[in-house]
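1. Structure for this input, please:
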Amino acid sequence: MVAILKTEGLTKHFGAFKAVQDLNLEVREGDLYGFLGPNGSGKTTSMRMILRLIRPTSGRVLLFGEDIASNFIGIMQKVGALVELPAYYPYLTAVQNLEILRLVSGGVPASRIPEVLETVGLGPRMHSRVRTYSQGMRQRLGIAMALLTKPRLVFLDEPTNGLDPQGINHMREVIQELNRKDGVTFVISSHLLHEVELTCTRIGMIKQGKLIVQDKLDAIIARTVDGLRIACDPTAKAISLLADRDGIVDVKEESPGRLRVVCDPARFAQVNTLLVENGVTVSELTPARKSLEEFFLSQ
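-> I've put the predicted structure just below:
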């Protein structure tokens, strides 16, 4: 798969503070790429460098195979972005705000405005002044702005800020539908690990300005498996059998009749065989895994 975004040694220092260090991102065409990290980890600074909103201290950014510094205008015609707070004219309506953006962008038909506002769920309020909008509605407008030109690559910085659970679910569906139907590639920065897990197909994790993990979501999830959950009877006998076995890190009873066994996944079959051969009835045996948050904190 072709890399639609690649950063090479991207670094940003603010005086003595190292905000981002040697960042090497690779986003492939068609990815739903989740850029994860806690607040202050360097996500927004990274996005701002990628989009040339600030200059990097060192390193370079390749978009669509080109150095963005050499063809900024041509490249950005294929990019949409919402970084930090959306900018808008509060005394104008959503339609009027997008009309200004449409005229500046060029080549966007007027019919695209109601279409994109319907997409993000602002159809019923498209003719209301933006100053009357809630925070969540303003966030939706910002996303509509990012999508207006039908870009091939979209950057969304904390896109669910201000959205209620229903709004978050709707925005997830919008992103996944645009990716599936139109092939739009998304780079979504967030500190909400669970939401990114539900939305994205590839993940990069940044911690204190450094990229610590970058892989397909499925591969990262596989790395979070650290044991088994077992429903069995009698549990006391199962605990006794497993407690002193090589390769078993920990055994505890989570609830009556259910054990949590921490061990290498390579030993799962051995655990099952040991219990069954010694008269323990196993009615359920499933992999147990850390949450993405626990995995992130362990890195």
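2. tell me the SS of the most centrally placed residue in the chain?
-> Computing the C-alpha centroid of the chain and ranking residues by CA atoms, centre = their mean puts residue 34 first, at 2.4 Å. The three-state label given to residue 34 by DSSP: H, G, I helix; E, B strand; the rest coil is strand.
3. Next, the contact list for it, please.
-> 188-190, 196-197, 199-200, 202-204, 217 (CB atoms under 8 Å, 6 or more residues apart in numbering). Quick note: C-beta positions are derived from backbone N, CA and C, even for glycine.
4. so of those, which ones are in helices?
-> Using DSSP state H, 196-197, 199, 217 are the members of the contacts of residue 34 that sit in helices.
5. In a markdown table: those, plus neighbour count.
-> A markdown table is the format used below for these (neighbours: other CB atoms under 10 Å):
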| residue | neighbour count |
| --- | --- |
| 196 | 23 |
| 197 | 17 |
| 199 | 23 |
| 217 | 19 |
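6. circling back: residues in a beta bridge with the residue nearest to the centre of the chain, which ones?
-> For residue 34, the beta-bridge partners under DSSP bridges are residue 188, residue 203.
7. so how far is residue 158 from it?
-> For residue 34, the distance to residue 158 (CB to CB, to the nearest Å) stands at 12 Å.
8. shared neighbours, the two?
-> By CB under 8 Å, 6+ apart, the residues touching both residue 34 and residue 158 are 189-190.
9. picking up where we left off before, now for the contacts of residue 34: which two are most distant?
-> 189 and 217 (15.6 Å; CB to CB).
10. Low-confidence ranges, the chain, go.
-> 1 (pLDDT under 70).
11. can you pull out the helices in it?
-> 43-50, 72-76, 94-105, 112-119, 135-147, 165-182, 193-199, 217-224, 235-243, 268-277, 292-298.
12. which other residues reach the third one?
-> With contact meaning CB under 8 Å, 6+ apart, helix 94-105 is reached by 88-89, 92, 108, 110, 112-114, 116-117, 122, 125-128, 130, 133, 141, 144-145, 148-149.
13. Now do that helix: distance to the chain's middle.
-> 28 Å (CA atoms, centre = their mean, to the nearest Å).
14. what's the angle between that helix and helix 112-119?
-> Interaxial angle, helix 94-105 versus helix 112-119 (axes from the mean of the first three to the mean of the last three CA atoms, to 10 degrees): 130 degrees.
15. quick one, helix 94-105 and helix 135-147 angle?
-> Using the same axes, to 10 degrees: helix 94-105 against helix 135-147 is 30 degrees.
16. end-to-end on stretch 121-129?
-> For stretch 121-129, the first-to-last residue distance is 16 Å (CA to CA, to the nearest Å).
17. got the ones in helices among the contacts of residue 34 as JSON lines, with distance to residue 240 columns?
-> Conversion of these to JSON lines gives the following (distance: CB to CB, whole Å):
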{"residue": "196", "distance to residue 240": "41"}
{"residue": "197", "distance to residue 240": "36"}
{"residue": "199", "distance to residue 240": "44"}
{"residue": "217", "distance to residue 240": "38"}
